[in-house]
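Student: I would like the atomic coordinates for the input below:
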Amino acid sequence: MPKPPRIDVMVSSTLRDLKDHRAAARDAILQARMFPLRMEEAGAQTGTTAVRFSRDLVRDADVYVGIFAYHYGYVPDDEDQSVTEIEYRAWSERLEKDGMPGFLFLQDPDHPFP
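Tutor: Numbers count the residues shown, from 1 in each chain. All right, here's what the predicted structure looks like:
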C-alpha cells in the first residue's frame, strides 16, 4: 500500500509566552500523522536570518496554524514587524495566491494568562 503524502504544518506564534501552546500544537500535528514546521528548529538564528527561515517555513508548508495571545513578539533590528506577523503575512499571501489552508487560534480575553 502506498504511503500517504507528507503534510507539513507551519506553527506560528510568539515563542516565549506560548511555549506550552506550541508544544500542544506540535503533539496534535504529530498525532494526526503530519509534520510540524516550527521556529524552534532554527536554533540560535536571529535577525534577517530568522525572518528568512520563517518565510521559508511558510513557503514549504501545506497548512498554516497561527496561535496568538497578548505579545507582539520579536522585531529584528532591520524590520518594522515581528517575526510572527511576518509569518502571518506570508501565509496571507499564500492564501490569496494558492488557497493555502490555515487555522487561527486567538487567546480568549477572559482566559487567565501569565
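Student: can we go C-alpha only for contacts and neighbour counts from here?
Tutor: Fine.
Student: To what extent is the residue nearest to residue 64 when sequence neighbours are not counted buried, counted in neighbours?
Tutor: In space, not counting the residues next to it along the chain, residue 64 is nearest to residue 102; the distance is 4.4 Å by CA to CA, 6 or more residues apart in numbering. Here the number of neighbours of residue 102 (other CA atoms under 10 Å) works out to 18.
Student: ok, now residue 53?
Tutor: Count around residue 53 with other CA under 10 Å applied: 19.
Student: Could you do residue 69 as well?
Tutor: Residue 69 has 15 neighbours, counted by other CA under 10 Å.
Student: what's it in contact with, if anything?
Tutor: Remark: with contacts taken as CA atoms under 8 Å, 6 or more residues apart in numbering, residue 69 is in contact with 18, 106-107.
Student: List phi and psi for it.
Tutor: Per-residue torsions, residue 69: phi -130, psi -130 (degrees, to the nearest 10).
Student: how near is the spatially most central residue of the chain to residue 87?
Tutor: When the chain is reduced to its mean C-alpha position, the nearest residue by CA atoms, centre = their mean turns out to be residue 12, at 1.7 Å. When CA to CA, to the nearest Å is applied, the distance between residue 12 and residue 87 equals 7 Å.
Student: If anything else comes up later, I'll come back, but that's it for now.
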